[in-house]
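1. quick one, what's the 3D model for this:
(one chain, ligands or ions: 1)
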Amino acid sequence: MPKPKVLVTRKFFDEAIDLIKTVADVEIYPSEEDPIPREVLLDKVQDIDGLLPMLTDRVDQTLLDRGKRLKVVSNYAVGYNNIDVNEATKHGVMVTNTPDVLTDTTADCAFMLLMAISRRLVEVDKFVREGKWVKAWGPKMLLGSDITGKTLGIIGLGRIGKAVVPRAKGFNMKILYHNRNPDPEAEKLGVEYRSMDEILAESDYISLHVPLNDNTKHLIGKPELKKMKKTAYLINTSRGPVVDENALTKALKENRIAGAGLDVLYEEPTNPKNPLLKLDNVIVAPHIGSATIETRLAMAMKAATNLTAALKGEQPPDLLNPEVLW
Ligand code: DGY
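-> Prediction:
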């Protein structure tokens, strides 16, 4: 019997490719930085049994209609807003993601942004490099905001939101959270439930950890930003469209909130002319929440493990649509 065929849509980790090769023939789209063009993906999907896409590749009805042989889509990300899972289920295609292995790394990134924006790290570094440090040390030079003892509001107390908790505890922060429903583990974690309005009004820092879907698009827009303290900071390591970026830009420009630390933007990559990039009270990173050597390799192994399990006729460990097996 010929081996199944797999397409990996970007240059990838050898260790993961070796694992996939134990069960399949693998084609790798040979680009490090550029996503596979849509037409190429739509053409190649006709001929494959397994797809390992990046979060930049859209897996929708058009693609699934063409992928007549497709059995599994193993996303290289925990977030899967790039995939129409319902449509995949209708097409009998398994969908998997890469949870757990990136939880701590992403929580680190959220806390890094929180610290960096509150102490103006990028701004002060620029200040020195651009030769602006021409006067002696002064009591009011480049003041930031304290973290210790402040209130952190976590919106979305899932795996990553929960991992932010011990980091914030290290700074003696009071920790509030908002979920659709209160979390039974909250008391044990030492975090207090608040309504959306309460968390916006009480927090000094708000960190977003929700998946992107129809309910969370523009979760933070003009009305929500208005409810935040003028001295508060917004941290987003989830997905860009969770925040109405135009409203945020305006709020930051008018100093309606103190600042924002963003690992994700509405459009990625963003236009270098994005007015957000002109502001000092925002730090922007290019979606690097999980970008460490250890974590990206662990994600690759997880994606490869899910893919090979599916192709062997087993249930993949991180199957998002188990109903496809019914
Ligand atoms: C994810 O996995 O969803 C991140 O955004 C990238 O690691």
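
2. so residue 324 sits against residue 89, correct?
-> Yes. Applying Cβ atoms under 8 Å, one finds residue 324 in contact with residue 89, separated by 5.1 Å. Where C-beta positions appear, they are placed from N, C-alpha and C, glycine not excepted.

3. kindly report the residues of this protein close to the ligand.
-> Applying Cβ under 6 Å from any ligand atom, one finds that the chain approaches the ligand through 55, 77-79, 102, 289-290.

4. now intersect those residues with the strands, please.
-> Among the residues of the chain next to the ligand, no member is found in strands (DSSP state E).

5. buried subset of those?
-> When the residues of the chain next to the ligand are checked for burial by 16 or more other Cβ atoms under 10 Å, the buried set is 55, 77-79, 102, 289-290.

6. mutual contacts of residue 324 and residue 89, please.
-> When contacts are counted by Cβ atoms under 8 Å, 6 or more residues apart in numbering, the set common to residue 324 and residue 89 consists of residue 95.

7. grab the nearest non-local neighbour of residue 102.
-> residue 290 (3.9 Å; Cβ to Cβ, 6 or more residues apart in numbering).

8. surely the one you found meets residue 298?
-> No. The pair formed by residue 290 and residue 298 falls short of the contact definition of Cβ under 8 Å, at 9.1 Å.

9. any residues in contact with both of the two?
-> Common contacts of residue 290 and residue 298, defined by Cβ under 8 Å, 6+ apart, comprise residue 102.

10. related to what we said a few turns ago, who touches the residue nearest to residue 102 in this structure?
-> By Cβ under 8 Å, 6+ apart, the contact list for residue 290 reads 77-78, 102, 105-106, 109, 296, 299.

11. switch the cut-off to 10 Å
-> With contact set as Cβ atoms under 10 Å, 6 or more residues apart in numbering, residue 290 has these partners: 76-79, 98, 101-106, 108-109, 160, 237, 263, 296, 298-299.

12. so what pLDDT did it get?
-> With respect to pLDDT, residue 290 scores 98.

13. same check on residue 46?
-> Model confidence at residue 46, given as pLDDT, is 98.

14. and it, how far from the ligand?
-> With distances taken as Cβ to the nearest ligand atom, to the nearest Å, residue 46 is found 27 Å from the ligand.

15. you'd agree that residue is in a helix?
-> Yes. Using DSSP: H, G, I helix; E, B strand; the rest coil, the assignment for residue 46 is a helix.

16. how about it: what's its closest non-neighbour residue?
-> Counting by Cβ to Cβ, 6+ apart, residue 46 lies nearest to residue 66, which is 5.2 Å off, once chain neighbours are set aside.

17. hang on, the one you found packs against residue 43?
-> Yes. Checked against Cβ atoms under 10 Å, the pair residue 66 and residue 43 is within contact range at 8.2 Å.

18. the two: which has the busier surroundings?
-> Neighbour count, other Cβ atoms under 10 Å: between residue 66 and residue 43, residue 66 has more, with 16 against 11.
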